[in-house]
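> need a structure here:
(one chain, ligands or ions: 1)
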Amino acid sequence: MPQLSDALKIGDIDIKNRIIMAPLTRMRSQQPGNIPYALNAEYYAQRAGAGLIISEATQISQQGQGYPGTPGIHSAEQVAGWKLVTDAVHKKGGKIVLQLWHVGRISHPSHQPGGGAPVAPSAIIAKNSSTFTADWKETPILEPRALETAELPGIVNDYKNAAQNAKDAGFDGVEVHGANGYLLDEFLQDGSNKRSDNYGGSVENRARLLLEVVDAVVSVWGKGRVGVRLSPYGTFNDMHDSDPKALFSYVLEQLSARGIAYVHVIEPRSSGAGRADVKVDEVPSTSELFRSSFKGTFISAGGYEAENAKKVVAKGHADAIAFGRYYISNPDLAQRVIEGKALTPYNRATFYGGTEVGYTDYPFA
Ligand code: PHB
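Numbering: from 1, shown residues only. Coordinates of the predicted model:
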């Protein structure tokens, strides 16, 4: 039976154990310019015991930013900052991929070039959702502007440039963020996509932008170093779809046919996407529903603790498990889980923004 301590080959990336550090928004890049710096390098290097680190979500363009302090991968300064991070992780024997992010409608004019409306597949407001302005004030989501069909190749190209920048910054690969109600997920699901062009309507049309982005990123990295994150049945950022089983089965089969390194699927039971400790029962298990639709490595995320993580990997419902919140408070989480040691609880008050407090000062066992 496979165990969390076993090594694994994810596409072309060899990892030393099956405990993955999930992408975690921490809003601590250097300002101005959203640039990673020495403190971020120390934080990631402390966590190099993970089989694989997935970086915090990182905007591919200024238009793709939705929160203050999140890092980017679209300027030369950001590439140089990320190089500090990848060097520090590699020096400690870790592996790290960059998560490529465009927030779509979950932004605010204060982050947008020219102060315009955030962009989305359709002009539909995400209800009961919020973000933070450039000066850190919580704000409800405003009405976005529907993207013109002619703008979409430019967005695909932004992903491609960002993927090349990630390569120049020394990452081991990239993960396309297709989850949690951000741009690519907004195109996938029919609650947020009411388009009448080739990017809306049928499942095939709604999946088109994600697949074009994946193909563009694969053209830079090769299929063995590209992963995709998805959140079927997730409700964060007001997401919903009329037939998630059909939609995500199609997406996973298409990704499988492309032979990419991995998919990373969030269990809907932790539907707050880290914003709250919600646990929803009576929802389908996505690892059970979708494992068979994808032939490569299947990473499962969402509110895991050591015991259920071990079981899911032993049963073969996933090949590796991503831990989020507990990786904030346990830099040596992989070793603790493998050795059965107690975990340090996390302090939600220091998740977002600030400096080393609640970031690089959590103890090793
Ligand atoms: C967040 O910043 O709250 C956030 C970012 C990326 C996610 C989920 C939540 O996928």
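> against the ligand, how distant is residue 148?
The spacing between residue 148 and the ligand, counted by Cβ to the nearest ligand atom, to the nearest Å, is 26 Å. C-beta coordinates here come from the backbone N, C-alpha and C atoms, glycine included.
> no wait, residue 351
Residue 351 sits 9 Å away from the ligand, going by Cβ to the nearest ligand atom.
> so who does that residue touch?
By Cβ atoms under 8 Å, 6 or more residues apart in numbering, the contact list for residue 351 reads 25-26, 274, 328, 358.
> low-confidence ranges in the protein?
270-282 (pLDDT under 70).
> just the buried residues of stretch 220-233, please?
Of all the residues in stretch 220-233, those buried under the rule 16 or more other Cβ atoms under 10 Å are 220-221, 223-233.
> gap between residue 124 and residue 188?
From residue 124 across to residue 188, the span is 14 Å (Cβ to Cβ, to the nearest Å).
> actually, residue 28.
Noted for residue 28: a distance of 30 Å to residue 188, by Cβ to Cβ.
> more crowded one of the two?
residue 188 (29 against 23; other Cβ atoms under 10 Å).
> hang on, isn't that one packed against residue 178?
Yes. At 6.9 Å, residue 188 counts as touching residue 178 under the criterion of Cβ atoms under 8 Å.
> common neighbours of those two, please.
Counting by Cβ under 8 Å, 6+ apart, the residues touching both residue 188 and residue 178 are 210, 251.
> can you give me the strands for the stretch 51-200 of the chain?
52-59, 96-101, 119-120, 130-132, 138-140, 145-146, 173-177 (DSSP state E, counting those that start in this stretch).
> what does residue 19 show for phi and psi?
For residue 19, the backbone dihedrals (degrees, to the nearest 10) come out as phi -100, psi 120.
> sorry, back to before: in CSV: the contacts of residue 351, plus neighbour count.
Formatted as CSV, these follow (neighbours: other Cβ atoms under 10 Å):
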residue, neighbour count
25, 21
26, 19
274, 21
328, 25
358, 20
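> please flag which of these sit within helices.
Among these, DSSP state H puts residue 328 in helices.
> what about the closest residue to residue 118 other than its chain neighbours, how many neighbours?
Nearest non-adjacent residue to residue 118, counting by Cβ to Cβ, 6 or more residues apart in numbering: residue 107, 3.6 Å away. Residue 107 has 28 neighbours, counted by other Cβ under 10 Å.
> phi, psi of the closest residue to the ligand within the stretch 1-150 of the chain?
Residue of the stretch 1-150 of the chain nearest the ligand, by Cβ to the nearest ligand atom: residue 25 (3.3 Å). Here is the backbone geometry of residue 25 (degrees, to the nearest 10): phi -70, psi 120.
> heads up, I number from 34, so please use that
Sure, I'll start counting at 34 from here, so that last one is residue 58.
> for it, which residues are in contact?
Neighbouring residues of residue 58 by Cβ under 8 Å, 6+ apart: 89-90, 100, 103, 307, 384-385.
> distance to residue 369 for those residues - can I get that in TSV?
Output for the contacts of residue 58, formatted as TSV (distance: Cβ to Cβ, whole Å):
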residue	distance to residue 369
89	21
90	25
100	30
103	28
307	20
384	20
385	24
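> neighbour-wise, which one of these leads?
Most surrounded of these: other Cβ under 10 Å gives residue 90, at 25 neighbours.
> thinking that one is in contact with residue 132, fair?
Yes. Between residue 90 and residue 132 there is a contact under Cβ under 8 Å: 5.0 Å.
> which neighbours do these two share?
56, 210.
> looking at the stretch 84-233 of the chain, which residue is nearest the ligand?
Closest point on the stretch 84-233 of the chain to the ligand, by Cβ to the nearest ligand atom, is residue 213, at 3.6 Å.
> that residue and residue 128, how far apart?
When Cβ to Cβ is the yardstick, residue 213 and residue 128 sit 23 Å from each other.
> is it true that residue 332 lies in a helix?
No. If the criterion is DSSP: H, G, I helix; E, B strand; the rest coil, then residue 332 is strand and not within a helix.
> identify the residues contacting it.
Neighbours of residue 332 in contact, by Cβ under 8 Å, 6+ apart: 53, 260, 295-298, 351-355.
> residues touching the closest residue to residue 245 other than its chain neighbours, list them.
Closest residue to residue 245 apart from its sequence neighbours, by Cβ to Cβ, 6+ apart: residue 189 at 5.1 Å. By Cβ under 8 Å, 6+ apart, residue 189 lies in contact with 242, 245-246, 249.
> between those residues, which has the most around it?
Ranking the contacts of residue 189 using other Cβ under 10 Å puts residue 246 first, with 28 neighbours.
> before we move on, which element is that residue in?
helix 241-254 (DSSP states H and E).
> output the contacting helices and strands for that helix.
The elements that helix 241-254 packs onto, with contact taken as 3 or more Cβ pairs under 8 Å, 6 or more residues apart in numbering; DSSP states H and E, are helix 185-201, strand 206-210, helix 216-221, strand 259-263, helix 277-291.
> let me know the angle separating it from strand 259-263.
150 degrees (axes from the mean of the first three to the mean of the last three Cα atoms, to 10 degrees).
> ok now helix 241-254, how far from the chain's centre?
With Cα atoms, centre = their mean, to the nearest Å as the basis, helix 241-254 stands 16 Å off its chain's centre.
> what lies in contact with that helix?
By Cβ under 8 Å, 6+ apart, helix 241-254 touches 133, 185, 188-190, 192-193, 196-197, 200, 206-207, 209, 211, 217, 220-221, 231-232, 259, 261, 284, 287-288, 291, 293.
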